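Student: 3D model of this:
(chains A, B, C and D)
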Number of protein chains: 4
Amino acid sequence: MHFASDNTAGVAPAILAALSAANAGHVPSYGADSLSAEVVARLRAIFEAPEAAVYLVPTGTAANALSCAALTQPWGAIFCHRNAHIEEDECGAPEFYTGGAKLVLVDGADAKMDPGALRRIIAHTGRGGIHNVQRGMVSLTNATEAGAVYTPAEVAAICAIARDFKLPVHMDGARFANALVSAGCTPAEMTWKAGVEALSFGGTKNGCMGVEAVILFNPARAHEFETRRKRGGHLFSKHRFLAAQMAAYLEGDLWLDLARHANAMAARLSAGIRTVPGAHLLHPTDANEVFAAFPRGAHRRLHAAGAAYYLWPFDQSLEGDAAEALSARMVTSWATTEAEVETFLAHLK
Amino acid sequence: MHFASDNTAGVAPAILAALSAANAGHVPSYGADSLSAEVVARLRAIFEAPEAAVYLVPTGTAANALSCAALTQPWGAIFCHRNAHIEEDECGAPEFYTGGAKLVLVDGADAKMDPGALRRIIAHTGRGGIHNVQRGMVSLTNATEAGAVYTPAEVAAICAIARDFKLPVHMDGARFANALVSAGCTPAEMTWKAGVEALSFGGTKNGCMGVEAVILFNPARAHEFETRRKRGGHLFSKHRFLAAQMAAYLEGDLWLDLARHANAMAARLSAGIRTVPGAHLLHPTDANEVFAAFPRGAHRRLHAAGAAYYLWPFDQSLEGDAAEALSARMVTSWATTEAEVETFLAHLK
Amino acid sequence: MHFASDNTAGVAPAILAALSAANAGHVPSYGADSLSAEVVARLRAIFEAPEAAVYLVPTGTAANALSCAALTQPWGAIFCHRNAHIEEDECGAPEFYTGGAKLVLVDGADAKMDPGALRRIIAHTGRGGIHNVQRGMVSLTNATEAGAVYTPAEVAAICAIARDFKLPVHMDGARFANALVSAGCTPAEMTWKAGVEALSFGGTKNGCMGVEAVILFNPARAHEFETRRKRGGHLFSKHRFLAAQMAAYLEGDLWLDLARHANAMAARLSAGIRTVPGAHLLHPTDANEVFAAFPRGAHRRLHAAGAAYYLWPFDQSLEGDAAEALSARMVTSWATTEAEVETFLAHLK
Amino acid sequence: MHFASDNTAGVAPAILAALSAANAGHVPSYGADSLSAEVVARLRAIFEAPEAAVYLVPTGTAANALSCAALTQPWGAIFCHRNAHIEEDECGAPEFYTGGAKLVLVDGADAKMDPGALRRIIAHTGRGGIHNVQRGMVSLTNATEAGAVYTPAEVAAICAIARDFKLPVHMDGARFANALVSAGCTPAEMTWKAGVEALSFGGTKNGCMGVEAVILFNPARAHEFETRRKRGGHLFSKHRFLAAQMAAYLEGDLWLDLARHANAMAARLSAGIRTVPGAHLLHPTDANEVFAAFPRGAHRRLHAAGAAYYLWPFDQSLEGDAAEALSARMVTSWATTEAEVETFLAHLK
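Tutor: Okay, the predicted model is just below:
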């Protein structure tokens, strides 16, 4: 019962196999190999964005922080949700890469920015001219940190506000595939057609070993991005092995299949939880994360049975009244089995 | 005839196999898995340094820049050779990670810092008190960018100067294994016993896919290093796959065997070149890089035959007088074959 | 009727005269003159802190940002009030000088941090280990941005929380003199005796031309501070003129007299406003700032009469219903006259 | 005999008087006062540059570092002379403000960059594509750190090389007035007509208390400069006092008169030294600095008589053979008297 995170799973077999296949012979380093070129072409095709600049990096933090650095100046405000990964889980990487930009936090249910709140906060920021940080960019996360998914229309609504203030929009898509299959739209509809300028296109959480693509739909800052990637230590010498992962991930829509599986497992878990007396969901289960509250007694049973997941927030205790509800996060992945879900539900009931 | 760089080679079979072996099941992420712990223990044992802090990162630039950031303040001078990788090949990564430290360049034959020159420059830096950058740290590269190897005694001589000024010493060991088997000493003798405080222990150029270890023999800055690694986007979520590479690399002294092979191929190439009329070596061939000058006509033959290597410096031309000597760099690797060397020599003659 | 800010006033006559007096002859530059040494000694005596490191800088932003950089690492959280000057009015200077620290915002009435809220937020920050920014420091402002004053006991309560988490405390004392005469305690009681480690000791707003002192009660980071000041471009070559201002400011307790006058003018204004029907105070008038709401009609009369002050927040309009209350900030200074106050009140009624 | 530096002198009387004159009444802060506007207009007129952006800052280090930050990206190389102030005397301020740019050092006699050397180094930098720092900008100092003056034609030659590589040029004019009166050209001829894009226009060393202007002849980065100045803590609240200094400095060509005097004193000193047996000049005396070597015995006599000046470099000793020549730097200023010069020469002979 492995629900701690989608990154405790291993690598999907086809992706692992691709590493071996890519190992033959000598190839040029630093991305000058043909497989790397092919991946760029594939992502451009998938996103219907023939001009987009595409770069591979090994981690989601690198993808996000480099994207922010490309989109805002050091004195810019990055408008994002209070629970965004860039705010809560990257040890200040965006501040580091941007040279000291300020994350300005926006509230909203299910870790989606509330459009009205976003507009008010952008308007407020920079009202004092040179004395304040300046308006810089907007970053939204899809799927969100609460497992919800912005629809293309919701993305467009955020982007429209940004556009009113002439701000570029970044999407943290560490779980982009999960969001996409949930929303049932095209990659283009979810991104540049809705107004997104830069995307962190996640691979690692969805079956890769360690690779993310940054897609700059506006390639004006491509060279800058390249220098920042190199300067950040994220340009791989044996770049073919980043490319091989991504190529296999995209091949035959594997990325969508893996995400569909993870989402289906989450849906099954979520549906099961809803039938348990005393349990309830805390957020909609749009993608591959389930947030639910259920009695401490059930948590104890699950822990005793070896279930791995986080009490969320962390600072809750298994000690205490058995009937009291504790909230938790369960994450499914490409590797989650129906049996795991059913075993979990059996202990829960 | 692949002599462009040791990073155009693939991954050694045992290391590739280790990735598959590590793929089974779910394991904790971010380095909390048992394989990651094992690698730390192994490196501590190999270096006879039970207290050392050990961290894995994906690239050599990350290893070097993070090491510099841990050893010097933003207002510090980093004393290094004029041709050091941190000066010439990292697009300013050390400046970025340190928050603006200044690389102060030292001359010396074969890309080794001349001890007298180093002492004079350190003494000169900081003479003006608060108006100058302050003395920060020393970084030396072993094997050097010219393919030479500092002996333990030479390392100790550099470290003694640093110690006179109370400066810590970093070793860029992107080709540490090649240097070690060349010098015929122990890892401890080459590093902390000679006075080195932090080592970038290379894996990628010597048969790994993309992994380097940073070893802090003085663990006082371990927590700082961890935050910097995370903040730099270099903490892998599926960390087991960095660990698996390193574990296989160390297993049964594979790392030393791979380096011995690469060095032997370079020695064979070097010996062959010395016998060619009109050709001569530019630096000693201590490790796996050969620097040599030979007639333009021979370069033309080699290029026509598909040999891959760099004219060094880059700005020489194959056009012109066939008898004129052009200088070149040939790098061997774990994957270089005797046949490649012999074919190269055959075209050269 | 000059109530826009205390920095629209000029320089107190004795301080201006001191500049002329300091102009005679040649003296060593960069703070090596005797007047600079004298100022350090005077501030140490006033604060009963013989070991304190004392540095002069030209602006409050420099004093605050350099203090933050000395007290926290780039990956640290700076806990401060949501309306702190370092958050709202310095265009990201703390982020710039610290190398990307994150300001984590705390609520509380009258721009004082609520101790309970502070404790909860500190506890929450860093709960996720290396994934979050780390706990760095606490910064409080006295007098606050809402014109209130922390008593020494209130400062001590904040510092006690910080101490529980081993965090240093900085006090932004741009209006320190106003706070001190309001609280009726000694400089030491307001600062290091209550647990403050670093103080931005304001001069500019209280009658100087452009000088603030940074006092590090713990001098361990003195050298670091000096390098940061130089590196930030804040070390004056003709340093005697910063020292001359500060010496005159301290001489014969001028600083306290100027602050007492400013506070008295604010108290008079505040008392007058309280008697006006339809007007009310928004915060206590502890120092030299008055925050009040009164009808739009009165604002119109005041503006027509040339009164200078800010609607607070800025985004209110003089257009609209005359009876509706608008909120405003009125700041008094060493140069405010009773006549100005009375004229203002006359237009208000 | 005050020849240690031009910053040990005080403030020219007319400039000191202007501070008092500017003190009357309340005026808007942060540069929104009329005197500040007037200064901008005056500098634009003097430089025949009606579109230029003009900003005042308190120190030369701030002027230079902010200018560099406006002209180059963090990954840029700043080409400057090996002895430039930005390299040797600012504790890494350019690295700090630019976010980690690299100063790449160029040789040349009299602290002027040799054009051929500059061209070679620029060509060399960036040859390796993304692996190197990129070409960023050129910074030259006029008058140089060796007391020499670039003529407009020499400035134009440097700028032409920069233009070939599409690089902007900054001039560190901490002693701009001294250079200008020496060259006998117009301010425009010395700067933008020769190809300079940004100028640090010095005031402090030439009789001001602490003010420099940054003039951006290309105003495209004006807003960026403003945010950087604020963020660096260099935007004065009581800005009128920076403006007052600069206004008085410019009034009636005072700045040129002060510089002419300083230059004349240096010329007199230089001429005198040339007549002393055993003494010789080390650099031409184009402006207000004299570099000369003369016997240790003469240095001892001068020190005994209280003459203030620096042995240059610092690490020479008054102990030793009286006949041996030691080199020294003597700086004159607006405040130097003929009597000081003559007394110095009398002791020298």
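
Student: can you tell me the SS state at the closest residue to chain B within the stretch 51-200 of chain A?
Tutor: As assessed by Cβ to the nearest Cβ, chain B sits closest to residue A:62 within the stretch 51-200 of chain A, at 3.3 Å. The C-beta positions use only the backbone N, C-alpha and C, and glycine is treated the same way. Classification of residue A:62 using DSSP: H, G, I helix; E, B strand; the rest coil returns helix.

Student: what residues does it make contact with?
Tutor: A:93, A:212, A:229, A:232, A:234, B:232-234 (Cβ atoms under 8 Å, 6 or more residues apart in numbering or on different chains).

Student: closest one of those to chain D?
Tutor: Taking Cβ to the nearest Cβ as the measure, chain D sits nearest to residue A:229 out of the contacts of residue A:62, at 8.3 Å.

Student: the nearest residue to the closest one once chain neighbours are set aside: neighbouring residues, count only.
Tutor: In this structure, residue A:229 finds its nearest non-sequential neighbour in residue A:235, 5.3 Å apart by Cβ to Cβ, 6 or more residues apart in numbering or on different chains. Around residue A:235 there are 26 other residues, counting by other Cβ atoms under 10 Å in any protein chain shown.

Student: looks to me like residue A:235 is in a strand.
Tutor: No - assigned with three-state DSSP, residue A:235 falls outside any strand and is coil.

Student: may I have the phi/psi pair for it?
Tutor: phi -90, psi 110 (degrees, to the nearest 10).

Student: quick check: residue A:104 is in a helix.
Tutor: No - using three-state DSSP, the secondary structure at residue A:104 is strand, not a helix.

Student: pLDDT score assigned to the residue nearest to it when sequence neighbours are not counted?
Tutor: Distances taken as Cβ to Cβ, 6+ apart place residue A:77 nearest to residue A:104, at 4.5 Å, with adjacent residues excluded. On pLDDT, residue A:77 comes in at 98.

Student: correct me if wrong: residue A:150 contacts residue A:179.
Tutor: Yes - shown here, residue A:150 and residue A:179 form a contact pair, counting by Cβ atoms under 8 Å, at 7.2 Å.

Student: where do the contact lists of those two overlap?
Tutor: residue A:142.

Student: can you list the residues of chain A near chain D?
Tutor: Taking Cβ under 8 Å from any Cβ of the partner chain as the criterion, chain A approaches chain D at residues A:30, A:73-75, A:99, A:130-131, A:134, A:224, A:226-228, A:230-231, A:235.

Student: just the buried residues of those.
Tutor: Using 16 or more other Cβ atoms under 10 Å in any protein chain shown as the burial test, these include A:30, A:73-75, A:99, A:130-131, A:134, A:224, A:226-228, A:230-231, A:235 as buried.

Student: returning to that earlier point: what's the neighbour count on the residue nearest to residue A:104?
Tutor: Neighbour count for residue A:77, taken as other Cβ under 10 Å: 23.

Student: now it, which residues is it bridged with?
Tutor: Residue A:77 forms beta bridges with residue A:102, residue A:135, as assigned by DSSP bridges.

Student: helices along the stretch 51-200 of chain A, start to end?
Tutor: Along the stretch 51-200 of chain A, the segments classed as helices by DSSP state H, counting those that start in this stretch run A:60-71, A:85-88, A:93-98, A:115-124, A:152-164, A:176-183, A:187-190.

Student: hmm, back to that, so the residue nearest to residue A:229 sits against residue B:60, correct?
Tutor: No - contact criterion Cβ under 8 Å: residue A:235 and residue B:60 do not qualify, at 10.6 Å.

Student: so what's the predicted local confidence for whichever residue of the stretch 201-349 of chain A sits closest to chain B?
Tutor: Nearest residue of the stretch 201-349 of chain A to chain B: residue A:233, at 3.3 Å (Cβ to the nearest Cβ). Note on residue A:233: pLDDT of 98.

Student: could you find the closest non-adjacent residue to it?
Tutor: Leaving aside its sequence neighbours, residue A:233 sits nearest to residue B:62 (Cβ to Cβ, 6+ apart; 3.3 Å).

Student: repeat for residue A:142
Tutor: That would be residue A:179: by Cβ to Cβ, 6+ apart, it lies 4.4 Å from residue A:142.

Student: the one you found: neighbour count?
Tutor: When neighbours are counted by other Cβ under 10 Å, residue A:179 comes out with 28.

Student: and if you look at the one 5 residues further on?
Tutor: Residues lying near residue A:184 (other Cβ under 10 Å) number 9.

Student: do you know the pLDDT at residue A:127?
Tutor: Looking at residue A:127, its pLDDT stands at 81.

Student: can you count the residues close to the closest residue to it other than its chain neighbours?
Tutor: Nearest residue to residue A:127 in three dimensions, chain neighbours excluded: residue C:314, at 5.5 Å (Cβ to Cβ, 6+ apart). Counted with other Cβ under 10 Å, residues neighbouring residue C:314 total 10.

Student: quick one: residue C:314 from residue C:301, how far?
Tutor: 20 Å (Cβ to Cβ, to the nearest Å).

Student: over to residue A:142?
Tutor: Note on residue A:142: its distance to residue C:301, by Cβ to Cβ, is 53 Å.

Student: before we move on, what about residue A:253?
Tutor: Going from residue A:253 to residue C:301 by Cβ to Cβ gives 71 Å.

Student: equivalent analysis for residue A:30, please.
Tutor: 70 Å.

Student: and if you look at residue A:261?
Tutor: According to Cβ to Cβ, residue A:261 and residue C:301 sit 71 Å apart.

Student: now do residue A:274
Tutor: 63 Å.

Student: kindly report the same for residue A:263.
Tutor: Here the criterion is Cβ to Cβ. By it, residue A:263 lies 64 Å from residue C:301.

Student: residue A:266 too?
Tutor: 63 Å.

Student: which of these two has more neighbours?
Tutor: residue A:266 (26 against 16).

Student: hang on, the earlier thing: quick one, grab the pLDDT at the residue of the stretch 51-200 of chain A closest to chain B.
Tutor: Per-residue confidence (pLDDT) for residue A:62: 98.

Student: for burial, what's the neighbour tally of the residue nearest to residue A:289 when sequence neighbours are not counted?
Tutor: Spatially, and ignoring its direct neighbours in sequence, residue A:289 is nearest to residue A:147 (3.3 Å; Cβ to Cβ, 6+ apart). For residue A:147, the tally of surrounding residues (other Cβ under 10 Å) stands at 28.

Student: how close does residue A:147 get to residue C:240?
Tutor: Taken as Cβ to Cβ, the span from residue A:147 to residue C:240 is 63 Å.

Student: how about residue A:68?
Tutor: Applying Cβ to Cβ to residue A:68 and residue C:240 gives a distance of 44 Å.

Student: now for the closest residue to residue A:143 other than its chain neighbours: which residues touch it?
Tutor: The shortest distance from residue A:143 to any non-neighbouring residue, by Cβ to Cβ, 6+ apart, is to residue A:287 (3.8 Å). Each residue near residue A:287 by Cβ under 8 Å, 6+ apart is listed here: A:143, A:147-149, A:175, A:178-179, A:182, A:262-263, A:266.
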